[in-house]
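Asks: here is a sequence with its predicted model. Questions after.
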Amino acid sequence: MKILVAVKRVIDYNVKIRVKPDHADVDLTNVKMAMNPFCEIAVEEAVRLKEKGVASEVVAVTVGPKAAQEQLRTALALGADRAVHIDTSAETDARVESL
């Protein structure tokens with residue numbers, strides 16, 4: 001069995017968030033990004049399952065800009081076997097805009 005773990009790139013939890021002057025969004029200039037802590041837990045658990053022999057391979061996947069490769073490298077460092085990056089410049093935020 002192969003385990004696929006989705007990894008999300010988020011603002012580092014130690015960073016103080018700044019709001020843009022127009023209050024429309026968060027200012028992301030020079031902000032440190034990191035792997036979502038819950039995604040990190042999921043990668044660690046998948047690696048544990050692989051070590052127990054339940055799974056044969058752990059694959060981390062993310063969707064986002066080129067900079068999201070940093071989070072995939074973190075997943076590989078945690079023990080994932082492979083990483084898949086779906087490169088897109090589109091907004092990948094989960095917010096739902098009202099119509």
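Replies: Perfect, thanks for sending it. Residues are numbered from 1 along each chain as shown.

Asks: low-scoring stretches of this structure, by residue?
Replies: By pLDDT under 70, the low-scoring segments of the chain are 92-99.

Asks: so which residues of it form helices?
Replies: Assigned helices in the chain, in chain order: 37-52, 69-78 (criterion: DSSP state H).

Asks: tell me which of those is the most buried.
Replies: Among those, ranked by average contacts under mean count of other C-beta atoms under 10 Å, first place goes to helix 69-78 (a mean of 18). C-beta here means a position set from N, CA and C on the backbone, and glycine is covered the same way.

Asks: tell me which of the helices of the chain approaches Val84 most closely.
Replies: Shortest separation from Val84 across the helices of the chain is recorded for helix 69-78, at 7.9 Å, computed as C-beta to C-beta.

Asks: ok, Asp81 - contacts?
Replies: Residues touching Asp81, when contacts are defined by C-beta atoms under 8 Å, 6 or more residues apart in numbering, comprise Lys50, Glu57, Val58, Val59.

Asks: one more time with 6 Å
Replies: Each residue near Asp81 by C-beta atoms under 6 Å, 6 or more residues apart in numbering is listed here: Glu57, Val58.

Asks: next, give phi and psi for it.
Replies: Main-chain dihedrals, Asp81, degrees, to the nearest 10: phi -80, psi -40.
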